[in-house]
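Peer 1: Okay, predicted coordinates and the sequence, questions at the end:
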Amino acid sequence: MKTPAGTPNWALQYDAQIMEVATDYNVGYVNFDMLADEMGLNYKAHSPDEGRHLNTVGAEIFTNYLGQVLKTSCSTLTDHKWDVHYTDVWNKKVSRYEYDKAVGMVEYATELEKIRKD
């Protein structure tokens, strides 16, 4: 899997090589860069550094898309959402994420306003 990044540091020849190895080992490979438009990613709005990384909104867009890919292509995945062995850790992670997201969204709103002015 190649995660989305809107920078020119990834050459298509890398994809060809990875596809060859994936085919040899009978495993899947997806370059999500090629699906950025389909996902609704806009690197100007969804990246703090011109596409090298995704901001919170971009990461959520990608994560939701990846989740749908996994649901449709991996029928053997088990949903642990309500599994008591995972809920405590999960809830702590969600609380931390929501806090970080709230802080990050203030920065995102400022950056988005700059983009709109351009």
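Peer 2: Okay, I see it.

Peer 1: by contact count, what packs against the helix or strand in which Val103 is found?
Peer 2: Secondary structure assignment for Val103, by DSSP states H and E: helix 84-117. Counting contacts by 3 or more Cβ pairs under 8 Å, 6 or more residues apart in numbering; DSSP states H and E, helix 84-117 is packed against helix 43-46, helix 56-73. Placement of C-beta: from N, CA and C, glycine included.

Peer 1: quick one: average pLDDT of the shortest one?
Peer 2: The predicted model assigns helix 43-46 a mean pLDDT of 88.

Peer 1: circling back to that earlier point, deepest in the core, which of the helices and strands packed on helix 84-117 is it.
Peer 2: Neighbour counts (mean count of other Cβ atoms under 10 Å) averaged over each of these peak at helix 43-46, with a mean of 18.

Peer 1: returning to what we had before: between the helices and strands packed on helix 84-117, which gets the lowest average pLDDT?
Peer 2: helix 43-46 (a mean of 88).
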